[in-house]
Each structure stands twice: as structure tokens, then as C-alpha cells.
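Asker: pasting the structure only:
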């Protein structure tokens, strides 16, 4: 591991100033991804700016009935929060389905958004990877890619984003707040992650030197009837091979509002807006759910070993929306 | 000028202060084992995947292999050496002993630290990934075998002593007052586990 300096920041402006002064600095939240990547040499910061003591650890209900979530709130605190569980149950479920109790206690909301893909070529410095070394190539396309992207990928990178939390945030139109030396800014989650294109090494639209300060969740009454379903290769403590955040408002058998976001299928949490459009105003039936999933997945481009994800996501949409329809009828 | 790459840090461990020089690259796990001779905390994968290095930070379980020692300054650190009350074992330790919640014992310190936290997290009303309804109005789920397995899934046991580990956690949790309803048929003795918890109380 490269030697590095360490500074603990106590206020946001101090952290941003430290970040502006050292281009090779990284922010240290829980460290559950960063420290791991530093051990293997994928990350080689010259300075770590510890943000765990920043006063960003609050979850507050906003005046309009949404939530404001600080960047250093831990995954555990987010999932245990009564207002999160009441207003956005799929978000609590998504966070609980990720990692282990130990890691959720350490990991932070800001770090979760910025965690890196677990693609085995990315995490192995001996392998080629366009994300680590632009232009080096992507061995996953012809190699091990059974858990890689079916949507929104490119010939330069087919890695998937590993976050569960981000999938629920995408469904609920979260907005990311940040601070820079030039002042604060906001990015809707839909614009936060950049399309892969030919620049897979550029992952987010955050300006350089930005510190994520928190999230804003707009009020979403539809989210009160929501669930997160995660499919993985073992029963617990594994990354998804496919996941779905869904929220549904049904009245007299008709879909009034629906939110759908897919996980582990793309380089970013994948909001399924095509499926939502197909469903809205139509019947809440298994046939309609399947047709909506098919409409979304028509754009899927499977590789030789990940085509199962198309079927998996279709089945997930039908199963979870059927469950939510039954829940809404109770 | 390049910033210093090592610091003198003061760590509060099991109620005692230790001041030591650390290279910033040092994990809390390595500081405990290599510099402070607290070898109860074990190194398994060193990648945050096995849970053998689990300790408590400010009362919350964490993997010490991904925790930088320098960043642990100011936190209250509890290791397996600080769990017992002198010669008197903690009820979680006693339950692991009584029910054979281990085979080789290497993962056991991490299992016990994790179990201590599982019981507290459950008592605080935290749901888990197998909790059917996470909404607060649904109440706290009983600590079934499925709940225990999910909540303990960050601790691997290469010997596969999971059946006894689940029983030990259930007994200790029951003794601490948690509603415990282990699923029947997961192993010998499980059928009587609710009473088991009460019997230990």
C-alpha cells in the first residue's frame, strides 16, 4: 500500500479546503470499500481526509414530508430509522439486504453512492480494465461476465454498479447534495451517474473537489407501498445478480402510479421509466406487469453468459408487483 | 510538503488508554495483534468478508481489518478480551461454551462480538433483511433461527458449526429477554429452543 497522510475534518468547509489542496486526496467515510481497494493497490491516495466526524449524521423529515439524510449517516442508522421504514420501506429493505451487520455499521450514505464496481477485472490490478486504465481494454466482454450489465453498457465497459441503496434511491427520485470550494450544488440521482460510453473511468457528474453532504428524498406517497427484492447466489451477504425496487399505487384494479428501478443490470441504478409508462393508467394484472417488463428489457443486450438476467428481471417485476397489488388490496 | 505518513494515536481499548505510533496504513486489527499483543481478535480474510476480526466500536460491531487504526482514535474499542467480567464469562460466551458453538475456535471471538451486537441491535428494534415487514408499526420481529442466521451472516465458520452457533445466540438472547422462536428441525435441540432460552435465564 502506498504511504499516505491522514487528516480528520471537523467541518464541511475544512474538508472541502483540504480536498481542494490535494488532488490525490480521497475522502474516508466507513472505509469498507476504499481501504479494501487501497490494500490491493487499485486506490493509491496521497492523503485521506476522514469525514466521520462531520456533522452530517442526521435524518430529518422535511416540511413537505420528504426526508433529508446526511452523508455520514451509516447504512445501519438509515435502515433502522422509523421514518425511512414508514415512508420508504423499500429503501430500508434495500440497505438491509446489502453487506453484513458489521459493514452496514461502518458504511456511510455518501460512500455507498461512490462505491466502486466489484467486477473482478476492475479489482485485480494485474488485469486490464478501461475503468482503471483508460484504453487498456475490457477482458470481461469475452471473459467472466455472468454478473455483468445487460442495459446501458458499452464496448468499453460492462461492469455493474453494486449498490442496493442506490436502486431504491433511483426509484424515489433522490437528489444528491454536495459542497465545493465554490459553493453548494445538487444533482438528481438520474444525472448523478454518467453513461458509460467510451469513458467508463468517469463515473459521476460530481464536480472535482466536491464533498457529498447528503441526500434529499422528495415526498412520495406511493413509496408507502414499496418493496425491494434482491436475488443473489447465496441467501445472504452477497452482491445482487438482479434486484428490484418497486412501489405501486393501485385503485379499482388500475395502476395510478408505479415506480420501478433495477439493480445489478447496469453501470448505475436503472430507473425503468419505459415500464412505468406502459403500466400507468392500465390494469394491475400479471399480464400487464410482464408486458411492461418486456418493454423495458427490449433494450437489453445480453452477453453470452448473462442472458439469464433478462428472464430474472422479468420474473422479479411480475412477482413483486403482484405482491404489492395484494398488499394494496389489504 | 508531503504530509506525515505516521502518527502517535491514543486508542481506548477495553476501558484502557494505549498511546502508540502507527503508520497510517495500519489497520486496527494489525495494531491490536502486532503492537498491543491483543491477539484474541483474529485475522481471517483481511478483506472484510469473513468477520473473524469483528470488534465493537462505540458499542457497534465492525470489522477491524477495514478500520484504519488512526481513524479509530476517539472511539471506544471493545475486543474479545474485554467481554468477560474478570473470570466470569459473559452469557454469550457461556452459551457458546455450553452449546459447542464452535469447532476449531478461530472464528469464535468474532462470532461472539457479533452476537453481542446482534442481541443489542434486536433489542433496539432494528429489522433485518428477512424481517417480513420493516415498517415500525409492524413491531420488532421475534429472534427466529432465520433472523439469527441473517443477522450473523457476516461471520463465516469454516468448520460449519452454524447449527450450534444459532442455538448459542438464541439462548443468550433469550436470557437477555428477547422473544426467541427458533425454527424447529434445524438441528438437535432446536425444538426445545424457546424453553432453552428461558431455562438459561
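Answerer: Perfect, I can see it now. Just so it is clear, the structure is predicted and the values come from calculations on it, not from any experiment. Numbers count the residues shown, from 1 in each chain, chains lettered A, B, ... in the order given.
Asker: Flag every buried residue along stretch A:281-299.
Answerer: Residues of stretch A:281-299 classed as buried: A:282, A:284, A:288-289, A:291-297 (neighbour count, 16 or more other Cβ atoms under 10 Å in any protein chain shown). Where you see a C-beta, it was placed from the backbone N, CA and C, and this is true even at glycine.
Asker: Which other helices and strands does the longest helix seen in chain A contact?
Answerer: In terms of residue count, the longest helix belonging to chain A (DSSP state H) is helix A:308-329. The helices and strands touching helix A:308-329, judged by 3 or more Cβ pairs under 8 Å, 6 or more residues apart in numbering or on different chains; DSSP states H and E, are strand A:226-231, strand A:242-251, strand A:254-263, helix A:286-297.
Asker: Mind checking the pLDDT average for the first one?
Answerer: Summarised as a single mean, pLDDT over strand A:226-231 is 98.
Asker: repeat for the third one
Answerer: In this model, strand A:254-263 carries a mean pLDDT of 98.
Asker: Same check on stretch A:83-100?
Answerer: The average pLDDT within stretch A:83-100 is 98.
Asker: One more: stretch A:289-308?
Answerer: Across stretch A:289-308, the average pLDDT comes to 98.
Asker: so the longest helix of chain A versus strand A:242-251, what angle?
Answerer: 30 degrees (axes from the mean of the first three to the mean of the last three Cα atoms, to 10 degrees).
Asker: How about helix A:308-329, which residues are buried there?
Answerer: Result for helix A:308-329 [16+ other Cβ under 10 Å]: buried residues A:309-310, A:312-314, A:316-318, A:320-321, A:324-325.
Asker: ditto for stretch B:167-183
Answerer: B:167-176, B:178, B:180-183.
Asker: for stretch A:104-119, same thing?
Answerer: A:104-117, A:119.
Asker: So which bits of stretch B:101-119 are buried?
Answerer: For stretch B:101-119, burial by neighbour count (16+ other Cβ under 10 Å) applies to B:101-102, B:106-119.
Asker: Give the rounded mean pLDDT of that stretch.
Answerer: In this model, stretch B:101-119 has a mean pLDDT of 98.
Asker: Tell me how chain B divides into domains.
Answerer: Here the domain assignment for chain B is B:6-82, B:91-200, based on automatic domain parsing.
Asker: Any chance of TSV for those, columns distance to chain A?
Answerer: As requested, the domains of chain B are exported to TSV (distance: least, Cβ to the nearest Cβ, whole Å):
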stretch	distance to chain A
domain B:6-82	4
domain B:91-200	2
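Asker: Now distance to residue A:244 too, for those, in JSON lines please.
Answerer: Listed next are the domains of chain B as JSON lines, based on distance: least, Cβ to Cβ, whole Å:
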{"stretch": "domain B:6-82", "distance to residue A:244": "25"}
{"stretch": "domain B:91-200", "distance to residue A:244": "15"}
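Asker: which one of the ones you listed lies closest to residue A:278?
Answerer: Nearest to residue A:278 among the domains of chain B is domain B:91-200 (28.7 Å), distances taken as Cβ to Cβ.
Asker: Distance from that closest one to the middle of the chain?
Answerer: Mean-position distance between domain B:91-200 and its chain equals 11 Å (Cα atoms, centre = their mean, to the nearest Å).
Asker: The most centrally placed residue in chain A: what's it in contact with?
Answerer: Compute the mean C-alpha point of chain A, and by Cα atoms, centre = their mean the closest residue is residue A:166, 2.4 Å away. Shown in contact with residue A:166 (Cβ atoms under 8 Å, 6 or more residues apart in numbering or on different chains): A:112-113, A:189, A:263, A:268-269.
Asker: Please tell me how far the residue nearest to residue B:136 when sequence neighbours are not counted sits from residue A:246.
Answerer: Distances taken as Cβ to Cβ, 6 or more residues apart in numbering or on different chains put residue A:82 closest to residue B:136, at 4.2 Å, once the chain neighbours are dropped. Distance of residue A:82 to residue A:246, given as Cβ to Cβ, to the nearest Å: 22 Å.
Asker: ditto for residue A:106
Answerer: Noted for residue A:106: a distance of 29 Å to residue A:246, by Cβ to Cβ.
Asker: again with residue B:117
Answerer: Computed as Cβ to Cβ, the residue B:117 to residue A:246 distance reads 31 Å.
Asker: and the stretch 1-150 of chain A, which residues reach chain B?
Answerer: With Cβ under 8 Å from any Cβ of the partner chain as the criterion, the stretch 1-150 of chain A comes near chain B at residues A:1, A:3-8, A:28, A:30-32, A:35-36, A:38-39, A:46-48, A:50, A:52-53, A:76, A:79-80, A:82, A:85-86, A:89, A:92-93, A:96-97, A:99-103, A:105-106.
Asker: rerun at 7 Å
Answerer: When proximity is defined as Cβ under 7 Å from any Cβ of the partner chain, the stretch 1-150 of chain A approaches chain B at A:1, A:3-6, A:28, A:31-32, A:35-36, A:47, A:50, A:52, A:80, A:82, A:85-86, A:89, A:92-93, A:96-97, A:100-103, A:105-106.
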